[in-house]
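> need a 3D model of the sequence below.
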Amino acid sequence: MDVYETIKTRKSVRAFISMDVPEQTLMRLLDAARLAPSASNRQEWRFVIVRDPATRKKLAAAARNQKFVGEAPVVLACCAETNEHIMTCGQPCYPIDVAIAMDHLMLCATAEGLGTCWIGAFDEAQVKEILCVPKGVRVVGLLPAGYPKNPAAEPKSRLALDQIVKRELWS
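Residues are numbered from 1 along each chain as shown. All right, here's what the predicted structure looks like:
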């Protein structure tokens, strides 16, 4: 699958079959995340792999009781070991950098036949407690991953290009 086809077929998956994700596949996905660009090459991203069913269930509870989070065979806690550096444009780099790494990971998961769903609805303090994440590390997102119950591509509802693209100036 080429990158454009992967982008077109990627979808948020909230139902998984009960089949483990092979370790070598998971390592390929995490290596793709590792190769993502980051501000000043800081590489602040860190990932906690969660396979234990009891821990996944706790994460689901911390993610506003989204049960599918705990039903995925693996959940990745996508974190940043950061000093909260602000880029010259005024944006903190760690959430952007982790999001880019997560996107690399999600696209590669799609190419591998896996499904993912980016989760931002969670209680960070609870997740940190569940996973023993130390102070100074931020949990940016949770990423349940596994083989989707319905692997078929789904149409996407997106704005047209002429609604989102400006040329030369905003007006």
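> so where do the strands sit in this structure?
With strands called from DSSP state E, the chain shows them at 45-50, 74-81, 115-116, 137-146.
> any idea which of the ones you listed is most buried?
Of those, the one with the most neighbours on average (mean count of other C-beta atoms under 10 Å) is strand 115-116, at a mean of 26. Yep, even glycine has a C-beta here, placed from its N, CA and C like the rest.
> just the pLDDT for the residue nearest to Asp123 when sequence neighbours are not counted.
Computed as C-beta to C-beta, 6 or more residues apart in numbering, the closest residue to Asp123 that is not its neighbour in sequence is Ala62, at 5.0 Å. On the pLDDT scale, Ala62 is placed at 98.
> look at Ala62 and say how many residues are nearby.
Counted with other C-beta atoms under 10 Å, the neighbours of Ala62 add up to 25.
> that one against Lys128, yeah?
No. Ala62 lies out of contact with Lys128 (C-beta atoms under 8 Å); the separation is 9.4 Å.
> coming back round to it: could you dump the strands of the chain into JSON lines and include distance to Leu159 and mean pLDDT?
JSON lines is the format used below for those (distance: least, C-beta to C-beta, whole Å; pLDDT from 0 to 100):
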{"stretch": "strand 45-50", "distance to Leu159": "29", "mean pLDDT": "98"}
{"stretch": "strand 74-81", "distance to Leu159": "26", "mean pLDDT": "98"}
{"stretch": "strand 115-116", "distance to Leu159": "23", "mean pLDDT": "98"}
{"stretch": "strand 137-146", "distance to Leu159": "23", "mean pLDDT": "98"}
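> of all these, which one is nearest Val21?
strand 74-81 (5.1 Å; C-beta to C-beta).
> for the closest one, packing partners?
Secondary structure elements in contact with strand 74-81, counted by 3 or more C-beta pairs under 8 Å, 6 or more residues apart in numbering; DSSP states H and E, are strand 45-50, helix 53-62, helix 93-111, strand 137-146.
> contact partners of the shortest one?
The contact list for strand 45-50, computed with C-beta atoms under 8 Å, 6 or more residues apart in numbering, reads 26, 30, 33-34, 36, 38, 56, 59, 74-81, 97-98, 101, 131, 133, 137.
> try it again at 6 Å.
Strand 45-50 is contacted by residues 30, 56, 75-79, 81, 98, 101, 131 when judged by C-beta atoms under 6 Å, 6 or more residues apart in numbering.
> which of those sit farthest apart?
Greatest spacing in the contacts of strand 45-50, by C-beta to C-beta: Arg56 and Glu81 (22.8 Å).
> before we move on, back to that, show me the contacts for the residue nearest to Asp123.
122-123, 126-127 are the contacts of Ala62 under C-beta under 6 Å, 6+ apart.
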